[in-house]
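**Student:** 3D model of this:
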Amino acid sequence: MKELLKFIQLRCPNCHSMLSRVDKFEAQIKCPYCSSIIEVSGVAQHTLVMVSPEMIVPFKTTEKDFKQAVCRHLLGTESDNIVCDIFDKVEMDNVTAIYLPMYLFEGKYETEYKCTLVWSEKNADGEKYTCSKDESGNVKSNYSILCLAYDGLEITEELAEWTHCFPYDPAAVQTFKSEFVTGKGYQILPRNLDREATWNKWGADIIEDEAEQEAFKQLPEKTDRIIRDYRSMFDYHAKHEGHLILAPFWFVYYTYDYQKYFLMMDGLGKHTNGSKLPQDENIYEEVKKNKKLDTRAHLIAAPLAALILFFTPHFLDSWIMMQTIKIAIILISWGLIWRFLGGEDENNILKRAYKKRKTGYEQMLVTTSSNNSRE
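**Tutor:** Prediction:
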């Protein structure tokens, strides 16, 4: 007889997301999706009993590890145009650890394909002409993927999109035991898709797309290559029906100037996914301003110097000629000095912004290290 797992659930009164745990909720919790504070005693709780998963990928990272990953994401590099004050405005008090239900599908696939390959070549005169050739072949390979066994509003769109098909690490999987999820405060999303529904929603298309990409790799590399009329006969042989696994993930949503951003990381710390960070438009404006000033310096100095030398009468006293030449040299020098010293280039401006962010980064690391980590 299979072991049963009991979930305690409540719905957020603000965003209506369903929160699930195997432990009792604290007296007051924060919704990981909308950040609203929930007084648990005032919200109806429900119990859901389901068959336990067969396997689990336990968390190998702590809350501290994830917060440090968020800090590195916000810091970026010297070439990134991220706002300087991002560490002053971003709070990370809504970090969530969640187990998602996923089915492990393993097996072999085989594809026989046909297509027409079109490419360009050059004749002896260097003129391009089009070539085409019918191609066919066979692809065989093993597959091993984790597919999300959930379809509903109780998971954010970004998290569902990122995790609907996830890399499988066989070394990280263990037989499910309830102690992996009890006493930790983890959110757990119970599955609402069975094996067949999960395969039909995600697995079949993913494996067929993988087979198509492998077929494309077999085709000859040509200039301006175009693949037309691709046709295939796809077949697969499953190793098993699919094993239900709980897979671990971290995520956090935060706001900057009323815009919502996010970062996600798998519980092993191997993969991350984040939204594009807020950009500092002032940096681009500063770069444009400096470029305009550089251009003006050249447009004024060089032509003015040329005009002075061209229209200066050659019969003037040699002393006056010398002074005129000096003025022309000064004008040219002024243009060159402004070009190299007058304004910052884009790289210097970005580096200066990076240094400001790094100060906030180091301060947040200190704060993160001083807080208790979730073990």
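**Student:** please make it C-alpha for all contacts and neighbour counts, starting now.
**Tutor:** Noted.
**Student:** which one's the longest strand in this structure?
**Tutor:** In the chain, ranked by residue count with DSSP state E as the criterion, the top strand is strand 96-122.
**Student:** strands paired with that strand, and their directions?
**Tutor:** Partners of strand 96-122 in the sheet, by DSSP bridges, are strand 128-148 (antiparallel), strand 187-188 (parallel), strand 226-238 (antiparallel), strand 243-256 (antiparallel).
**Student:** reformat these as CSV; add distance to T368.
**Tutor:** Listed next are these as CSV, based on distance: least, C-alpha to C-alpha, whole Å:
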stretch, distance to T368
strand 128-148, 31
strand 187-188, 22
strand 226-238, 45
strand 243-256, 15
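**Student:** okay if I get those as TSV plus distance to G269 and mean neighbour count?
**Tutor:** Shown next, in TSV, are these (distance: least, C-alpha to C-alpha, whole Å; neighbours: other C-alpha atoms under 10 Å):
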stretch	distance to G269	mean neighbour count
strand 128-148	17	16
strand 187-188	18	22
strand 226-238	29	14
strand 243-256	9	22
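**Student:** I'd like the distance between E210 and M264.
**Tutor:** Per C-alpha to C-alpha, to the nearest Å, E210 is found 24 Å from M264.
**Student:** now distance to A44 and mean pLDDT too, for the strands paired with strand 96-122, in a markdown table please.
**Tutor:** Output for the strands paired with strand 96-122, formatted as a markdown table (distance: least, C-alpha to C-alpha, whole Å; pLDDT from 0 to 100):
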| stretch | distance to A44 | mean pLDDT |
| --- | --- | --- |
| strand 128-148 | 28 | 95 |
| strand 187-188 | 17 | 92 |
| strand 226-238 | 43 | 94 |
| strand 243-256 | 25 | 93 |
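**Student:** comparing E210 and M264, which residue is more hemmed in?
**Tutor:** M264 (25 against 14; other C-alpha atoms under 10 Å).
**Student:** residue contacts, that one?
**Tutor:** M264 makes contact with 159, 249-252, 272-274 under the criterion C-alpha atoms under 8 Å, 6 or more residues apart in numbering.
**Student:** need the per-residue pLDDT for it.
**Tutor:** Among the per-residue scores, M264 shows a pLDDT of 96.
**Student:** one more: K289?
**Tutor:** We have a pLDDT of 61 for K289.
**Student:** what's the answer for E3, then?
**Tutor:** Predicted confidence (pLDDT) for E3: 80.
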